[in-house]
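Colleague: Here is a sequence with its predicted model. Questions after.
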Amino acid sequence: MGRAFRMALERFSPGFKLYHYSAAKHSILKTREKTSPPDKEKLAKAKEDMETHKDPGTYYQHISFFFEPVPLDLVGKIFGKEHHFWFPGHDIYEHIVDLSSMPDFKYRIVESPLAVKMFYDTDWGDLDDSDLLKYFRELADKQKAHGEIGSGPSELKSAASSMVGSVLEAFKELPKRPNWEELKSKYAATVPHVMVYPKGGEITVDEIKEVKVSP
């Protein structure tokens, strides 16, 4: 089945699906807090970062998802063999979760068009610590107003629906970014995805597919 046809079916089918990729197969996805709890020092730093960025939880309490399948025929060509995950020929697993089957959760959409525009419209060289805190507050306030920070399936679906279909172009745009040298080692910088903070730290997977990053 072609990617475009598959995406069309999934976009217009009942429910809303999320996609998580990893090198290992998991019937249950778990937060890092569950799989490898941080020590006190790392946890304190994570809580500080959470408060600074106004996130719904700490880094160790989230699981990341895309809103549609990643274009595996393209990412290997973009990032090349030096990338830690999207390198050509990498055999990985696509974990699919239906939004309606998930436990209670909070979320933050990251790398949304709103967030990306605000990032590139900011002159970072002129910001002091106070300015940075103001930037993060303003970004969080704007995202909350647009539903990009919230809780539950209906809020997430409403905020994310307009981003379904944008992942391919977002990956294509990456090498054109002025800070490509910084982005090329990242996992999904400037590509819309969501950090989900599930109650209990676990999400049961509905479907798993063995996939490969195209050579």
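Modeller: Looks like it arrived, so ask away.
Colleague: Tell me who's in contact with the one residue sitting closest to the centre of the chain.
Modeller: Averaging the C-alpha coordinates of the chain gives a centre point, and the residue nearest to it by C-alpha atoms, centre = their mean is His193 (3.1 Å). Applying C-beta atoms under 8 Å, 6 or more residues apart in numbering, we find His193 in contact with Ser64, Phe65, Phe66, Phe67, Ile109, Val110, Glu111. Any C-beta I mention is one placed from the backbone N, CA and C, and that applies to glycine too.
Colleague: Let's have those residues in JSON lines, adding secondary structure.
Modeller: Compiled in JSON lines, these are given as follows (DSSP: H, G, I helix; E, B strand; the rest coil):
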{"residue": "Ser64", "secondary structure": "strand"}
{"residue": "Phe65", "secondary structure": "strand"}
{"residue": "Phe66", "secondary structure": "strand"}
{"residue": "Phe67", "secondary structure": "coil"}
{"residue": "Ile109", "secondary structure": "strand"}
{"residue": "Val110", "secondary structure": "strand"}
{"residue": "Glu111", "secondary structure": "coil"}
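Colleague: What are the boundaries of the helices in this protein?
Modeller: Under the criterion DSSP state H, the chain contains helices at 3-12, 32-35, 40-53, 72-79, 113-120, 129-145, 153-160, 167-173, 180-183.
Colleague: Adding distance to Ile92 as columns, could you present the ones you listed in a markdown table?
Modeller: A markdown table is the format used below for the helices of the chain (distance: least, C-beta to C-beta, whole Å):
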| stretch | distance to Ile92 |
| --- | --- |
| helix 3-12 | 16 |
| helix 32-35 | 18 |
| helix 40-53 | 26 |
| helix 72-79 | 8 |
| helix 113-120 | 25 |
| helix 129-145 | 29 |
| helix 153-160 | 23 |
| helix 167-173 | 16 |
| helix 180-183 | 20 |
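Colleague: Any idea which of those helices gets closest to Thr204?
Modeller: helix 32-35 (13.2 Å; C-beta to C-beta).
Colleague: Show me which residues of the closest one are buried.
Modeller: For helix 32-35, a neighbour-count test (16 or more other C-beta atoms under 10 Å) marks Arg32, Glu33, Lys34 as buried.
Colleague: From the contacts of His193, keep the buried residues only.
Modeller: Neighbour-count burial (16+ other C-beta under 10 Å) applied to the contacts of His193 gives Ser64, Phe65, Phe66, Phe67, Ile109, Val110, Glu111.
Colleague: wait, the first one sits on His20?
Modeller: Same thing as Ser64. Yes. If you go by C-beta atoms under 8 Å, Ser64 and His20 touch, sitting 6.7 Å apart.
Colleague: distance between the top strand by length along the chain and the chain's centre?
Modeller: The residue-count maximum for a strand in the chain (DSSP state E) belongs to strand 91-98. Mean-position distance between strand 91-98 and its chain equals 14 Å (C-alpha atoms, centre = their mean, to the nearest Å).
Colleague: Stretch 61-76 too?
Modeller: For stretch 61-76, the distance to the chain centre is 7 Å (C-alpha atoms, centre = their mean).
Colleague: Alpha carbons only: can I get that stretch in PDB?
Modeller: Extracted in PDB, the C-alpha atoms of stretch 61-76 (Å, rounded to 0.1, in the frame of the first residue of the first chain):
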ATOM      1  CA  GLN A  61       7.400  11.400  32.300                       C
ATOM      2  CA  HIS A  62       6.700  11.700  28.500                       C
ATOM      3  CA  ILE A  63       6.400   9.500  25.500                       C
ATOM      4  CA  SER A  64       6.800  11.100  22.000                       C
ATOM      5  CA  PHE A  65       4.500  10.400  19.100                       C
ATOM      6  CA  PHE A  66       4.100  11.600  15.500                       C
ATOM      7  CA  PHE A  67       0.600  12.400  14.100                       C
ATOM      8  CA  GLU A  68       1.200  10.300  11.000                       C
ATOM      9  CA  PRO A  69       3.700   7.800   9.700                       C
ATOM     10  CA  VAL A  70       7.200   9.100   9.200                       C
ATOM     11  CA  PRO A  71       8.300   9.200   5.500                       C
ATOM     12  CA  LEU A  72      10.900   6.400   5.900                       C
ATOM     13  CA  ASP A  73      11.700   6.500   2.200                       C
ATOM     14  CA  LEU A  74      13.000  10.100   2.700                       C
ATOM     15  CA  VAL A  75      14.500  10.500   6.200                       C
ATOM     16  CA  GLY A  76      17.600   8.400   5.500                       C
END
